[in-house]
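S.K.: sequence plus predicted model, see below.
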Amino acid sequence: MTLQFYGLFLTLCTLCSAQQIKYFNTFKGGNVRNKIDATPPYSLYVSAQSDDNDVLKKVLITTEDNQYASLYVLKMKKLMQGSGLLQPFVINSTAYLSTDLSDLNTLHGFMYITTEKQLYDKSFLVIDVDQSQKISINRNFQPDSTIVFLNTVRSTTPIQSSMFSGWLQSSDSSVSIYRGYPSDDKELIDTQIFSNPVRTDLFKTQFIPNVEKFSLTLGIFYLKIHNDVSFLIEPSYFELDGMSTSAYSTTGFYMKAINQIEKNITITCLRDTSYNGTTCGNWIGLLPESTGNVAFQEVDSTQTFTCTITPNDQIFPCKVGTIGQKIFISSIGANGGEYFVQYYIYQDQRVYELDSTTASSLPTVPVTTRGIRTTTKKFSAVTDFFVTVFMVVFLLL
């Protein structure tokens, strides 16, 4: 399987339903009425953080029922100043994009078009990653949510990078992150790029009480959330190589973007050798060469465990052994490709409490245990906004 899969996937999504993204530089200028090929009703969102506002003001979306708005107005169409939560531009008739500019070649932004079902779903939110902002989901207002994130910031390296930190999650909650945008159908099993509880090698799940800082390099991705979760997201890139984990049981994430050169990643593990435990990794992605592979190693002074695979479009889980001193992630033949690795470390029981039959086991527990909270430090001096408040507003509209 090659990277052509991604293009084919997006094409099939466009053919089978309304949701899609359309880059502004693919439309014609010179007062051409570019028909937006989507079946109303639907909601339309704009992300264009790296585009000139004066140019955006000259590009209009018009509809046959006499609605109109410039791309600049739609870019700024947020529930309140200081947040990235976008309000939908509801389209109920055929829509067009037009401008008196000769072309739109300088633009890098895009419009995101939802399905009719998503238009009326009060638990469906779209957020532009244009600033530091705190996202909080509260089960008392909305136990299940879908949040789509758009990122068109090009000042980060790599461009369109989003950094997660300050993650807090109750042990009876769940989060899954997916590449691209959601359809009306349920996601295929094992297609998430990150989750907590994590997917284990035993085809079960394990809640991990701590989530390390990590980043994604994608223009659009989404989270499916159940119960209480909060985190900080901002347009930035976190360099994973050389980091040390911050808890004995923890999970983190590494993404190699298509436009990144492959490199080796080294992570130092916080550990207590009086405890037993395991180190594991989940891979997903596509490489341009069928002979390419990704290696995940756990290393200490006495032993090394290694898993080497060619990732595909479903998770491949692997338990690589005990909790070592370091984790190494590397690849061969991955330039021009994209892959995702979620690593997790699970500290078990004290060694003297174990017998020979349990010393290497990784327990799996139901997602209904309660009371555990992550230990990641809270952040200050950033824009904090709570999605739960907005949900109340949406429900009153």
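M.R.: Structure received. Numbering: from 1, shown residues only.
S.K.: and the helices in the protein?
M.R.: Secondary structure of the chain (DSSP state H): helices at 4-16, 53-56, 71-75, 116-119, 387-396.
S.K.: how about the strands in the stretch 1-150 of the chain?
M.R.: Per DSSP state E, counting those that start in this stretch, the stretch 1-150 of the chain carries strands over the ranges 20-23, 34-35, 42-47, 59-63, 68-70, 89-91, 95-99, 110-113, 124-128, 133-137, 144-150.
S.K.: would you list those in CSV and tack on mean neighbour count and mean pLDDT?
M.R.: (C-beta placed from N, C-alpha, C; glycine too.) Below are those laid out as CSV (neighbours: other C-beta atoms under 10 Å; pLDDT from 0 to 100):
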stretch, mean neighbour count, mean pLDDT
strand 20-23, 18, 97
strand 34-35, 14, 98
strand 42-47, 25, 98
strand 59-63, 20, 99
strand 68-70, 15, 99
strand 89-91, 19, 98
strand 95-99, 20, 99
strand 110-113, 23, 99
strand 124-128, 24, 98
strand 133-137, 22, 95
strand 144-150, 22, 98
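S.K.: distance to residue 169 added to the ones you listed, as CSV?
M.R.: As requested, the strands of the stretch 1-150 of the chain are exported to CSV (distance: least, C-beta to C-beta, whole Å):
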stretch, distance to residue 169
strand 20-23, 29
strand 34-35, 43
strand 42-47, 27
strand 59-63, 38
strand 68-70, 37
strand 89-91, 33
strand 95-99, 39
strand 110-113, 27
strand 124-128, 18
strand 133-137, 10
strand 144-150, 13
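S.K.: burial of residue 122, as a residue count?
M.R.: Neighbour count for residue 122, taken as other C-beta atoms under 10 Å: 12.
S.K.: what distance do you get for it to residue 142?
M.R.: 8 Å (C-beta to C-beta, to the nearest Å).
S.K.: swap in residue 49?
M.R.: In terms of C-beta to C-beta, residue 49 sits 27 Å off from residue 142.
S.K.: now do residue 248
M.R.: From residue 248 over to residue 142 (counting by C-beta to C-beta), the distance is 32 Å.
S.K.: can you pull the contacts of the closest residue to residue 32 other than its chain neighbours?
M.R.: Nearest non-adjacent residue to residue 32, counting by C-beta to C-beta, 6 or more residues apart in numbering: residue 98, 6.5 Å away. Residues in contact with residue 98 (C-beta atoms under 8 Å, 6 or more residues apart in numbering) are 31, 32, 33, 34, 59, 60, 62.
S.K.: now with 7 Å?
M.R.: 31, 32, 33, 34, 60, 62 (C-beta atoms under 7 Å, 6 or more residues apart in numbering).
S.K.: just residue 147 next, same as before
M.R.: 125, 127, 222, 223, 225.
S.K.: determine which two of those are furthest apart.
M.R.: The largest distance within the contacts of residue 147, taken as C-beta to C-beta, falls between 127 and 225 and amounts to 12.4 Å.
S.K.: what's the burial count for residue 328?
M.R.: Residue 328: 16 neighbours (other C-beta under 10 Å).
S.K.: actually residue 123, not the one I typed
M.R.: 18.
S.K.: go ahead and confirm it touches residue 148.
M.R.: No - with contact defined as C-beta atoms under 7 Å, residue 123 and residue 148 do not form a contacting pair (11.8 Å).
S.K.: how close does the closest residue to residue 276 other than its chain neighbours get to residue 93?
M.R.: Of all residues not flanking residue 276 in the chain, residue 348 sits nearest, at 4.5 Å (C-beta to C-beta, 6+ apart). For residue 348, the distance to residue 93 (C-beta to C-beta) stands at 60 Å.
S.K.: these two - which one has more neighbours?
M.R.: Just comparing residue 348 and residue 93: by other C-beta under 10 Å the higher neighbour count belongs to residue 348, 21 against 11.
S.K.: just checking, residue 104 touches residue 30?
M.R.: No - applying C-beta under 7 Å as the test, residue 104 and residue 30 come out as separate, 10.2 Å apart.
S.K.: in terms of neighbours, single out the busier of the two.
M.R.: The neighbour count for residue 104 versus residue 30, taken as other C-beta under 10 Å, is higher for residue 104 (23 against 10).
S.K.: contacting residues for residue 49?
M.R.: Counted by C-beta under 7 Å, 6+ apart, residue 49 has contacts 130, 152, 153.
S.K.: which residues are in contact with the first one?
M.R.: Which is residue 130. Counted by C-beta under 7 Å, 6+ apart, residue 130 has contacts 49, 84, 153, 235.
S.K.: before we move on, what about the second one?
M.R.: Contacts were defined as C-beta under 7 Å, 6+ apart; by that measure residue 152 touches 47, 48, 49, 50, 108, 109, 110, 160, 219.
S.K.: roughly how far apart are the third one and residue 309?
M.R.: Same thing as residue 49. Counting by C-beta to C-beta, the gap from residue 49 to residue 309 is 36 Å.
S.K.: equivalent analysis for the last one, please.
M.R.: Using C-beta to C-beta, we find residue 219 at a distance of 27 Å from residue 309.
S.K.: the two: who's more crowded?
M.R.: Higher neighbour count among residue 219 and residue 309: residue 219, with 21 against 14, using other C-beta under 10 Å.
S.K.: now the phi/psi pair for that one, please.
M.R.: Here is the backbone geometry of residue 219 (degrees, to the nearest 10): phi -80, psi -30.
S.K.: which non-adjacent residue is nearest it?
M.R.: Residue 219 sits nearest to residue 160 (C-beta to C-beta, 6+ apart), 4.9 Å away.
S.K.: mind listing the strands for the stretch 201-350 of the chain?
M.R.: 205-206, 214-217, 220-226, 229-234, 250-256, 265-268, 275-286, 293-299, 304-309, 316-321, 326-332, 338-350.
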